[in-house]
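**Student:** give me a 3D structure for the following:
(chains A and B)
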Amino acid sequence: MRQRIGVYICHCGGNISDYVDVEELSKMFHEEDGVVVSKDVMFACADSNQKAMVEDIQKYNLDAIVVASCSPKLHLHTFRAVAGRAGLNPNNYVQVNIREQCSWPHSDRPREATVKAAGLIRAGINRVAYSEALDSIEIEVKKAVMVIGAGISGMKAAIDLARAGNEVYLVEKDYFVGGHIAQQEKLFMTGQSGKEIVKKLYDEIKTYKNITVFTGATIGKVTGSLGSFNIEIKVKPRYINGKMDKQSVKRVMDDCPVTVRDAFNEGLTTRKAIYKNYPEALPDVPVVDMGALRDHPDFLEKHKAVINPNEQEETIALLAGSVLVTTGFDNYEPKEGEFGYQQIPNVITLPQLNRLMELSPEKLVYNGKEIKSVAFIYCVGSRQKKGDNKYCSRQCCTSTMYTALQLKEKYGKIQNYHLYRDIRTYGKQEILYDRASKQGDLFFKYEEKEMPTVEMNGKTITLKVKDYLTSKKEMEIAPDLVVLVTGMVARADAPHISELFKIPIGNDRFFNEIHPKLKPVETVIKGVYIGGTCQGPKNVSESVQSSLAGASKITALLKSGTVMGDPVVARVDADVCTWCGKCAEVCDYTAIREIVTEAGKHIAGVNRGVCTGCGICAPVCPVNAIEVAKYTDHEIEAMIDGFAAAVEISEEKASAVSEEKEDFVAAHMREYPQIWKDILDTLDTEKKTIPEVADILKIAPEMVTWHLMTMNKYGVVSPAGTNEKEEYYYYKMK
Amino acid sequence: MAKVNPEFAKELTKYGVDDFNACFNCGNCTATCSLSTNDSSFPREMVRYTTLGLEDELRSSLKPWECYYCGECSKECPRQANPGELMMSLRRWLTAQYDWTGLSGLLYRSLTLSIAALLLVAAGVFFFARSVNFEAETLLHTGHRFEMLAIATVFLVIFVPNLLRMWYFTVVKNGVKAPLKSYVTALSELFIHMFTQKKAKDCDEKDNFRWLEHMVLVFAYLSLLFTTVFLNWFGTESLFVVVLGYVESLLIFVITVHFVSGRIKRNKALNTFSQPSDWLFVIWLLLMGLTAFVVRLFIDLHILENNIWMYLIHLTVLAQWALIIVPFGKWTHFLYRSFGLYFVKIKAMQKS
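**Tutor:** Down below sits the predicted model:
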């Protein structure tokens, strides 16, 4: 129990004291048990008051403090620091919010506001009496990072992490690195080839000894927490004898009799069952599609020197201090019949068109027909009011514009039609829209409630769209090719990753950050970060930006080898706990597991590095053996008692706040704050207007207005007529 | 159902414009236009129809005739798509559409053809003059007769059928069935617009001078026509008629010089993009005023007999004017615009 408590009740320059009788309260809490100092102060946050508090703590040997002022969001850290400076444990401090919770919302009933404030302050005093001197938890962290997904985001992040001295494990599910950008012949806005970028990054990665790349690898099992994640990865076999020279492998590839659908080319072509995604794909080792070759024992026998059908999957255990998830996205796959997809021959998706363009250097031919006109239908699989994907996929408008420009640049005479809902070529990308419309592309605006329709009329496609730009007239277009501009969706394996690392998934099925603005790459799991499109639709630049942000956060986190954690975590009373496992069941963060004490007793053990102090375990414990520091039963019950206790404030006293108080305030005002003194100095010799004062003090006129109005209210200054033009009032000292 | 035809945009560029494709349909042009109303909103709609190549919609529209080209829309356009010039080009295109001979379209699209036609007429005049041995008496007489004949023929053979076509495209085809009574009641509208260009005043409120100038030119031109054809200016002895002719031709000359210099200086939006048809129209009008003035001066100085070349020049300009520029050139906007507004009025009466 804390017995020497200091209580500070803030006027907030009238914000509180206009409605809550702070003086009465400060007198009242003088009498409170355990309270040694009780003061009302004009601005608790002012430097002078902070100094006074430190002096009080030392002079009266205080062991806990309560500040009744504004929201803890504003000044919790201010007063924690005050406690710290005075040699008190910052956790022996409680902030009570009597501004947002009393004076502001109850300005119509000052008496009740005062009663409520009294209850809250008493609750605060009771709580602080039970407060413990808690110290931050120190967690040791290993300077190793696992980056999951070797697309552009993951590769860039891996390089940055390695450069900062971390051990990096770059894990890629596919057999080749690069992800989606390898499928792009040219990337907006620079026109660079995706494959070139992939090669450049891979070459750079190879120069770092502290990056290990695993391809064909998936995540198996994850245990541990911030500082030491134990992760098992499974590396699938390539079935290629690694000792063979490239020429022999090439010969076997050429000899391969089996062809299968080429997923890298979005099914536009087929590939051999021994393959690379594209000739320059990295790492430069082909893969045997054993599923497709099992039925060809003769072939396997013939080339047994090169192909090893018995190669096994390998499991590797890695230890990482932190994890960066950059698993990326899947392209939305239109449903069969969605705008004629898979039913009408010349209906394809934008990713397919991009592959088709790279595969067609001279003429654009599809299904044996030369393409002279292309109609793009935007927002396919995005912005669905009724469907699952409510979001905008962000990059598709720009991607389409760029493709339309490429079409014309590469193949000459091609007419593009754009059927859009809204054009979102934000930022610098607007130039592409401008260029597309100036090159003669036609734009039609449709609405989700009146979707365009695609029909086959003999040998030609008839595309009908109700065009909102032409007073909803129904337009008929006959394009050679219809391209569905498909958006981004969360990867099919995102739930699996989410389950392994406990990363929350949003309604959109992408991974969730903690806060879109303030913690944009952090997840609720300490040490696990997200970057790139696994978090939501982004273009390449934005993906790289976010993954690099994640890399920087991780570098900063692991830098010192230890991490300080918040002491507000769950703790178990070993004597009481009987290990029923209920707490472990409800814990969202798998922070609790069964441990055996030295005495041989089975109890619940809390991983303090993982626990977030959410408190869900405490109420489910049948024997009350688990509690969260700072939120113990003692503290909570004492708070309730304190708030429920009767408060004696008479009617007259509350209303008598007025005049008497104003004199008091005026007297004290002169001592505080510095800006008031400065303002008064300027008014010392003659009256001045607000702009004049602002000019002399070199501060914003709004600032002067705010303070002068308050000073006027408390009678420190008074108006003295207007200036000649009658624009501004003069103010003078009273 | 309307079929999209991107080729039309290329066709229209032959009539002047080429940048309307930059339009992203913001509607600033319509918002800024002082003549556009809720019932009849332009120019965005016209830009849109053009981009998509909806020829039927354009051919049946009277909106291009409601625009007097103040140029505000082009100034406000955030994409420099130049809607004002598009409206102008549409008027040229419509003129070609109304013309049953198809010559308007040919001449609008090809400067070479226009020059060839002008040369052909000049050659015709020259050979005719040679066939009568450059006799002043015969030439003057034939010139006068030609004028009357040309007016009647152009009116009956070209204008009447073309106006009927215009009426068919814009009124009949749009399903407007107006009683004869409204055609009569609306006549006042026709003449007001024909002679005063009343609406142009609403177009650019700051600049009434241009409107006034244009109106004076219209009156001067029409009365000079009347003076030469019916009062036989070149043959008359009446001092009043002689002076009247001088004043009229001088007015035409002065105003057209001002117009030409405006087009050279590009001092207004409407002067910024001059097509060959614009130059021909204004320059020939200028030449008409000038040569008529000089011819009468020669007559009054009694030197025409010995300087019959002067009259030949005038006759050439006159023939080119009457046979090419009036029936197939920009002159027709005088008729189509006023009839356009006449039809608009009839349609509006029908609606209410």
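**Student:** what does chain A put close to chain B?
**Tutor:** By Cβ under 8 Å from any Cβ of the partner chain, the residues of chain A that approach chain B are A:415, A:417, A:423, A:433-434, A:437-443, A:445, A:464, A:467, A:469-471, A:473-478. For the C-beta atoms, the positions are set from N, CA and C on the backbone; glycine is no exception.
**Student:** these, buried ones only, as a ChimeraX selection?
**Tutor:** To isolate the buried ones among these in ChimeraX, judged by 16 or more other Cβ atoms under 10 Å in any protein chain shown, type:
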select /A:415,417,423,433,437,439,440,441,442,443,445,467,469,470,473,475,477
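**Student:** so which of the residues of chain A next to chain B sit within strands?
**Tutor:** Of the positions in those, A:415, A:417, A:442-443, A:445, A:464, A:467, A:473-477 sit in strands, assigned by DSSP state E.
**Student:** pLDDT and distance to B:Leu52 added to those residues, as a markdown table?
**Tutor:** Shown next, in a markdown table, are those (pLDDT from 0 to 100; distance: Cβ to Cβ, whole Å):
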| residue | pLDDT | distance to B:Leu52 |
| --- | --- | --- |
| A:Gln415 | 95 | 12 |
| A:Tyr417 | 97 | 10 |
| A:Leu442 | 93 | 6 |
| A:Phe443 | 94 | 10 |
| A:Lys445 | 95 | 12 |
| A:Lys464 | 96 | 14 |
| A:Asp467 | 94 | 8 |
| A:Lys473 | 91 | 9 |
| A:Glu474 | 94 | 12 |
| A:Met475 | 94 | 7 |
| A:Glu476 | 95 | 10 |
| A:Ile477 | 95 | 9 |
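**Student:** against chain B, how distant is A:Asn507?
**Tutor:** Applying Cβ to the nearest Cβ, to the nearest Å, the value for A:Asn507 to chain B is 33 Å.
**Student:** is it true that A:Tyr208 touches A:Leu161?
**Tutor:** No. The pair A:Tyr208 and A:Leu161 does not pass the contact test of Cβ atoms under 8 Å, sitting 9.4 Å apart.
**Student:** the more surrounded of those two?
**Tutor:** Neighbours per residue, other Cβ atoms under 10 Å in any protein chain shown: of A:Tyr208 and A:Leu161, the larger number sits with A:Leu161, 31 against 15.
**Student:** ok but that one is inside a helix, no?
**Tutor:** Yes. Applying DSSP: H, G, I helix; E, B strand; the rest coil, one finds A:Leu161 inside a helix.
**Student:** wait, what's in contact with it?
**Tutor:** Going by Cβ atoms under 8 Å, 6 or more residues apart in numbering or on different chains, A:Leu161 touches A:145, A:147, A:168, A:324, A:551, A:554-555.
**Student:** which of the residues you listed sits closest to chain B?
**Tutor:** Of all those, chain B sits closest to A:Ala551, with 39.0 Å by Cβ to the nearest Cβ.
**Student:** can you report how many residues lie near that closest one?
**Tutor:** For A:Ala551, using other Cβ under 10 Å, the count is 31.
**Student:** what strand or helix carries it?
**Tutor:** Using DSSP states H and E, A:Ala551 falls within helix A:540-558.
**Student:** show me which residues of that helix are buried.
**Tutor:** Within helix A:540-558, the residues scored as buried using 16+ other Cβ under 10 Å are A:540-555, A:557-558.
**Student:** could you do stretch A:315-328 as well?
**Tutor:** Neighbour counts over stretch A:315-328 (16+ other Cβ under 10 Å) mark A:318, A:320-328 as buried.
**Student:** around chain A, pick out the residues from chain B.
**Tutor:** Going by Cβ under 8 Å from any Cβ, the residues of chain B near chain A are B:1-4, B:6, B:9, B:19, B:21-25, B:45, B:48-49, B:51-52, B:54, B:79.
**Student:** mind checking which of those residues land in helices?
**Tutor:** Under the assignment DSSP state H, these contribute B:9, B:45, B:48-49, B:51-52 to helices.
**Student:** how is the chain divided into domains?
**Tutor:** I'll assume chain A. A:5-134, A:144-235+A:318-328+A:491-562, A:246-310, A:334-488, A:566-629, A:673-733 (automatic domain parsing).
**Student:** oops, chain B please
**Tutor:** B:7-98, B:106-351.
**Student:** which of the ones you listed sits most buried?
**Tutor:** Ranked by mean neighbour count under mean count of other Cβ atoms under 10 Å in any protein chain shown, those are led by domain B:7-98, which reaches a mean of 21.
**Student:** centre of the chain to it, how far?
**Tutor:** Centroid separation between domain B:7-98 and its chain, computed with Cα atoms, centre = their mean, to the nearest Å, is 18 Å.
**Student:** tell me how far the residue of the stretch 251-400 of chain A found nearest chain B lies from A:Asp441.
**Tutor:** Going by Cβ to the nearest Cβ, chain B is nearest to A:Ser373 of the stretch 251-400 of chain A, at 8.2 Å. Going from A:Ser373 to A:Asp441 by Cβ to Cβ, to the nearest Å gives 11 Å.
**Student:** between these two, what contacts are shared?
**Tutor:** By Cβ under 8 Å, 6+ apart, A:Ser373 and A:Asp441 have these common neighbours: A:415-417.
**Student:** which one of these is nearest chain B?
**Tutor:** A:Gln415 (5.2 Å).
**Student:** residue contacts, the closest one?
**Tutor:** Shown in contact with A:Gln415 (Cβ under 8 Å, 6+ apart): A:372-374, A:440-442, A:479, B:6.
**Student:** next one: A:Arg294
**Tutor:** Residues in contact with A:Arg294 (Cβ under 8 Å, 6+ apart) are A:Pro309.
**Student:** and the pLDDT at it?
**Tutor:** With respect to pLDDT, A:Arg294 has a value of 88.
**Student:** how about the one 4 residues further on?
**Tutor:** pLDDT for A:Asp298: 91.
**Student:** for A:Lys464, list each beta-bridge partner.
**Tutor:** Counting by DSSP bridges, A:Lys464 is bridged to A:Thr453, A:Glu476.
**Student:** ok, it touching A:Met451?
**Tutor:** No. If you go by Cβ under 8 Å, A:Lys464 and A:Met451 don't touch, sitting 9.9 Å apart.
**Student:** where in chain A is pLDDT low?
**Tutor:** Within chain A, the ranges that satisfy pLDDT under 70 run A:650-673.
**Student:** using the three-state scheme, assign A:Asp108.
**Tutor:** Classification of A:Asp108 using three-state DSSP returns coil.
**Student:** how about the one 4 residues further on?
**Tutor:** When the structure is reduced to helix, strand and coil (three-state DSSP), A:Glu112 reads as helix.
**Student:** check contacts around it.
**Tutor:** A:His106.
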